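A.B. asks: Give me a model of this one.
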Amino acid sequence: MPETSDHTASTAPTPTAGGCPFGPNGSGFNPFATPGFADLPQQLATARNEAPVFYSEPFGMWIVSRYDDVLRILKDADRFSSSTRPMILSAFPDGIRAELAGTHTFAAPNLAFDGQPAHDRLRGPVAKYFSAKAMLRREARIREIATRCFDDMPETPPGTPFDLAESFARPVACRVIIDLAGLPTEDHDRIMRYHEAVNAFFFGKPPVDKLAGYAADVLELEAYLAEVIEARRHDPQDGLISYLLDLMVKGEADYTTGELISLISFDILAAGIRPAGFVIINLCRELLREPQHWDSLRADPTLFDNAFSESLRRSGIGLGVFRTATTDVEVAGVRIPEGAALWALVSSADYDGSRFHDPLVFDPHRPNLAGSLHFAQGLHYCLGSYLARTVARVGVGLLMRHHPRLRLVPDQMTEYESSINLMLPTRLLVQP
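C.D. replies: All right, here's what the predicted structure looks like:
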């Protein structure tokens, strides 16, 4: 994991908070300091208890860790803007930054980075495609894809451990997202190369020697998507692209081609593929840490929704969300200046004992799981929440049917992808 984030504010405001337990200007706060985030729970607990809002000079932003404060930030899109692409671009050399700034992916309005009035216009039609009813109708297709992925898993001798991430979860996620978008399935490898590039710029810490190649891939992706969109205008097929184009013809949606490209490039490919695989890995990991939870869900599938929500409360994909203060504002009595960057730590909020009793315990029977912030809240509530739930239910259901006695390989160290803000396990070894 990276030692510090490169996505920092351009100027460091003078902190107005009191003493910080992490040292001057929060210099000792580092969630990435130990392998596998080993000391993350303690760091987050220290922050909640002793410095719920503090400025971190290494990260160049204000850190917010308590549930009520994080929830307020998520719900107040006017004062805490998600328009953080300039912050992301500032991490890269001038030439790369200029090249990316001219792309639709980094410049066109989209769901993740833009507020009103563009947000409702962009989100409304897409939200219908990802609604609970729509995902229920699509579940048979997702199951067909997942079953094919399961059948394609490499054969191993009976009882031999395998990597659940590499052999099953990631292939399911890639194929489901490509199918859902309506992109040609035969372009899988090409699309995944493009995905790696966009993901690296938004969520990773790409090596300097790869930046030019990744930038070229982003440009190539956009040219490719423009071709697919044009082809779908004349030859509609199943998938999000044709669905939106049809709504546009009917006057029920309003997108420019650049906005469609940005939507598919970031909101679907970059922000969809890794999370769709993560939910399978994460739910299995949480259930198998104490195998009675796995056995209980096998015996009673109606427990799925609570187990899924609790798995993400306890081990969500992201440390937090980045926001920019659009005006001078106070958070927990601390003045945050206009233009300052904030890191609202959802991972900390979901461990806040004032909201969740015994937060370190995996408890699918919690009475207040609806309050978990793993899918955010407010204007930018996760578009793919029902998709994620469906992919996890189908994927874990397949594993339970074919490997009912599945168990974790003991004493394995959880390794994570190098990322700015995401906690994505690179593998999960299981024993059938």
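A.B. asks: other SSEs contacting the lowest-mean-pLDDT helix or strand in the chain?
C.D. replies: Within the chain, confidence by mean pLDDT, DSSP states H and E is lowest for helix 85-89 among all helices and strands, at a mean of 88. Packed against helix 85-89 by the contact rule (3 or more CB pairs under 8 Å, 6 or more residues apart in numbering; DSSP states H and E) you find helix 94-101, helix 104-107. In short, each C-beta sits where N, CA and C put it, glycine included.
A.B. asks: which one of those helices lies closest to Ala216?
C.D. replies: helix 94-101 (8.7 Å; CB to CB).
A.B. asks: which parts of that closest one are buried?
C.D. replies: Residues 96-97, 99-100 are the ones in helix 94-101 that count as buried (16 or more other CB atoms under 10 Å).
A.B. asks: can you name the two of those that are farthest apart?
C.D. replies: Between all members of the buried residues of helix 94-101, the farthest pair (by CB to CB) comes out as Arg97 and Glu99, at 7.3 Å.
A.B. asks: if we can go back for a sec, ok, which of the helices and strands packed on helix 85-89 comes nearest Gly213?
C.D. replies: helix 94-101 (10.6 Å).
A.B. asks: Now do that closest one: everything it contacts.
C.D. replies: Here helix 94-101 makes contact (CB atoms under 8 Å, 6 or more residues apart in numbering) with 89-90, 92, 106-107, 201, 211-212, 215, 218-219.
A.B. asks: Go ahead and build a ChimeraX selection from the buried members of those residues.
C.D. replies: Per 16+ other CB under 10 Å, the buried members of those correspond to this ChimeraX selection:
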select :89,92,106,201,211,215,218,219
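A.B. asks: was I right about His380 contacting Ser81?
C.D. replies: No - contact criterion CB atoms under 8 Å: His380 and Ser81 do not qualify, at 10.4 Å.
A.B. asks: Comparing these two, which residue is more hemmed in?
C.D. replies: Taking other CB atoms under 10 Å, His380 and Ser81 do not tie; His380 has more neighbours (21 against 18).
A.B. asks: List the contacts of the closest residue to the more buried one other than its chain neighbours.
C.D. replies: What sits nearest to His380 in space, not counting adjacent residues and going by CB to CB, 6 or more residues apart in numbering, is Ser82, at 5.7 Å. Residues near Ser82 by CB under 8 Å, 6+ apart: 112-115, 321-324, 379-380.
A.B. asks: And these, which is closest to Val172?
C.D. replies: Scanning these for proximity to Val172, where the rule is CB to CB, the winner is Ala112, at 23.1 Å.
A.B. asks: Which residues are in contact with that closest one?
C.D. replies: Per CB under 8 Å, 6+ apart, neighbours of Ala112: 82, 266-267, 271, 380.
A.B. asks: give me that answer again for 6 Å
C.D. replies: Residues near Ala112 by CB atoms under 6 Å, 6 or more residues apart in numbering: Asp267.
A.B. asks: Just want the phi and psi numbers for it.
C.D. replies: When quoted as degrees, to the nearest 10, the phi and psi of Ala112 stand at phi -80, psi -30.
A.B. asks: how much space between it and Ala38?
C.D. replies: 30 Å (CB to CB, to the nearest Å).
A.B. asks: Over to Phe278?
C.D. replies: 20 Å.
A.B. asks: next one: Asn421
C.D. replies: 18 Å.
A.B. asks: need the helices for the stretch 201-350 of the chain, in chain order.
C.D. replies: 211-234, 240-249, 257-262, 273-289, 291-299, 304-314, 346-349 (DSSP state H, counting those that start in this stretch).
A.B. asks: Buried deepest among those, which one?
C.D. replies: helix 346-349 (a mean of 28; mean count of other CB atoms under 10 Å).
A.B. asks: Can you spell out which helices and strands pack onto that helix?
C.D. replies: In terms of contacts (3 or more CB pairs under 6 Å, 6 or more residues apart in numbering; DSSP states H and E), helix 346-349 is packed against no helix or strand at all.
A.B. asks: Figure out how far it is from the centre of its chain.
C.D. replies: 14 Å (CA atoms, centre = their mean, to the nearest Å).
A.B. asks: With just CA atoms, put stretch 393-402 into CSV.
C.D. replies: These are the backbone C-alpha positions of stretch 393-402, laid out as CSV (Å, rounded to 0.1, in the frame of the first residue of the first chain):
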residue,chain,number,x,y,z
ARG,A,393,-26.3,-13.4,-3.7
VAL,A,394,-25.8,-15.2,-7.0
GLY,A,395,-22.1,-15.8,-6.6
VAL,A,396,-22.1,-16.9,-3.0
GLY,A,397,-25.2,-19.0,-3.7
LEU,A,398,-23.3,-20.9,-6.4
LEU,A,399,-20.3,-21.5,-4.1
MET,A,400,-22.6,-22.7,-1.3
ARG,A,401,-24.3,-25.2,-3.6
HIS,A,402,-21.0,-26.6,-5.1
